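Undergrad: Structure, please.
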Amino acid sequence: MGEHFFVLSQNRQFLPFYYGDEKRWTEPFFFIQAADTQFGMQEKYMEQKEVYGWDQEIAWSKQMVKDINAMYPAPKFLVVCGDLLDAWPHTEPEIRLQQEVDFKKVFAGLKIPLVCVCGNHDIGNTPTPDTVGSYRSSFGDDFFSFWCGGVFFIVVNTQYYEDSSQCEDLAAEQEAWLDQQLEVVRREKPQHAIVFQHIPFFLTSPEEEKEYFNMAPALRQTMLDRFYDAGVRYIFCGHYHRNAGGFYKDMEEVVTSAVGAQLGECQQGFRLVKVLEDHLEHQYYNLGTAPTHIHLPNTKPSLPVLPTIPAWTRLAVIPAATKTSALAL
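TA: Predicted coordinates for the structure are as follows:
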């Protein structure tokens, strides 16, 4: 690890937790949630440079990787909730490829699995089969699910809800698949059911008006009821480049600010999420400020172990500086 970027979501599964008894709850754990690394946004949009780069995003992402790698015990995974890169796939493919190469170089150094969530900049505001296919070849599936430590995680592509006019078949495929995943929640009754997505349903209130950073009220109500009735109680999002969130009944939606460019008063950072037996606890940390020793209640003390090469890395090796298709299981 450190030499390769691993594409881990394949065949609607997530390789690191594809095997073993992940359905069983044993003890609390934690994961890291981030959003909008968005290589290129700072200089292009915030600083309005005609000729722009993404050295600042590289530095911010490297700091996040450093922060996470220093944690003990290690988080189960890092999830980046969309807009991995800034350049549009249909109008800036060459720039996007350069951003992708640099993204993969940075995150090849991450010592835990990376869960990639698809954002609007990753497939376009009006996605097509070509832009979705390009994303999948670079970063893996755009929707998938997995068990980890007794918790069921569902990753969805929210761009299909924004505009699926050019990819109706793909959107329908996700809908049918999502029905199956929510049936898993009903049937298996996981310790927690958690959704990862890019665009929030709402920013602070389920009753708020539609704007760029949330979803239309009618769709919002349908989806919130759909998730809630199945047993989902936590939704983690990005897209807003600010921290926000709120509740629908007792289901919490958490909107996490960006690792990259900021649009509000927040600083670059990420969220540490503790998964406890009966609830989740989470806190946003600015880059460079997160704790290195993470306290989890009711866990047995353990000694550090020598690093080993996880079995799943042999299934999904992709060189950090190249763009190739993921290996199939």
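Undergrad: Can I take it that Leu219 is in a strand?
TA: No - according to DSSP: H, G, I helix; E, B strand; the rest coil, Leu219 belongs to no strand; its state is helix.
Undergrad: which ones are touching the nearest residue in space to it that is not next to it in sequence?
TA: The shortest distance from Leu219 to any non-neighbouring residue, by CB to CB, 6 or more residues apart in numbering, is to Tyr161 (6.0 Å). The C-beta positions use only the backbone N, C-alpha and C, and glycine is treated the same way. Contact partners of Tyr161, counting by CB atoms under 8 Å, 6 or more residues apart in numbering, are 171, 199, 215, 219, 223.
Undergrad: again, only using 10 Å
TA: If you count contacts by CB atoms under 10 Å, 6 or more residues apart in numbering, Tyr161 has them with 171, 174-175, 197, 199, 201, 215-216, 219-220, 222-223.
Undergrad: now these: which count as buried?
TA: The neighbour-count criterion (16 or more other CB atoms under 10 Å) marks 171, 174, 197, 199, 201, 215, 220, 223 among the contacts of Tyr161 as buried.
Undergrad: Pick the one among those closest to Cys118.
TA: Gln197 (8.9 Å; CB to CB).
Undergrad: I figured the closest one hits Asn120, correct?
TA: No - Gln197 is beyond contact range of Asn120, at 11.4 Å (criterion: CB atoms under 10 Å).
Undergrad: Need the overlap of contacts for those two.
TA: 82, 157-159, 239.
Undergrad: Format these as JSON lines; extra columns: neighbour count.
TA: Converted to JSON lines, the shared contacts of Gln197 and Asn120 look like this (neighbours: other CB atoms under 10 Å):
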{"residue": "Gly82", "neighbour count": "27"}
{"residue": "Asn157", "neighbour count": "30"}
{"residue": "Thr158", "neighbour count": "23"}
{"residue": "Gln159", "neighbour count": "29"}
{"residue": "His239", "neighbour count": "25"}
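Undergrad: Select, from those, the two members most distant in space.
TA: Maximum distance among the shared contacts of Gln197 and Asn120 (CB to CB): 12.7 Å, for Asn157 and His239.
Undergrad: overlap in contacts of these two?
TA: With CB under 10 Å, 6+ apart, Asn157 and His239 have common neighbours 82, 119-120, 197-199.
Undergrad: would JSON lines of these with distance to Thr292, pLDDT and secondary structure be doable?
TA: Converted to JSON lines, these look like this (distance: CB to CB, whole Å; pLDDT from 0 to 100; DSSP: H, G, I helix; E, B strand; the rest coil):
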{"residue": "Gly82", "distance to Thr292": "27", "pLDDT": "98", "secondary structure": "coil"}
{"residue": "Gly119", "distance to Thr292": "29", "pLDDT": "98", "secondary structure": "coil"}
{"residue": "Asn120", "distance to Thr292": "34", "pLDDT": "98", "secondary structure": "helix"}
{"residue": "Gln197", "distance to Thr292": "30", "pLDDT": "98", "secondary structure": "coil"}
{"residue": "His198", "distance to Thr292": "29", "pLDDT": "98", "secondary structure": "coil"}
{"residue": "Ile199", "distance to Thr292": "33", "pLDDT": "98", "secondary structure": "coil"}
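Undergrad: And those, which two are furthest apart?
TA: Farthest pair in the shared contacts of Asn157 and His239, by CB to CB: Asn120 and Gln197, 11.4 Å.
Undergrad: The host helix or strand of Arg187 packs against which elements?
TA: Assigned by DSSP states H and E, Arg187 belongs to helix 168-188. Counting contacts by 3 or more CB pairs under 10 Å, 6 or more residues apart in numbering; DSSP states H and E, helix 168-188 packs against helix 129-139, strand 144-148, strand 151-155, helix 159-162, strand 192-196, helix 217-230.
Undergrad: out of those, which comes closest to Leu182?
TA: helix 217-230 (3.8 Å).
Undergrad: what's the neighbour count on Ala59?
TA: Ala59: 13 surrounding residues under other CB atoms under 10 Å.
Undergrad: cool, and Glu183?
TA: Neighbours of Glu183 (other CB under 10 Å): 11.
Undergrad: Now Ala244. Nearest residue, chain neighbours left out?
TA: In space, Ala244 is closest to Val255, 4.0 Å off (CB to CB, 6+ apart).
Undergrad: Test for you: state the pLDDT assigned to the one you found.
TA: At Val255, the predicted lDDT confidence score is 98.
Undergrad: my read: it touches His282, true?
TA: No - the pair Val255 and His282 fails to qualify as a contact (CB under 10 Å) at a distance of 11.5 Å.
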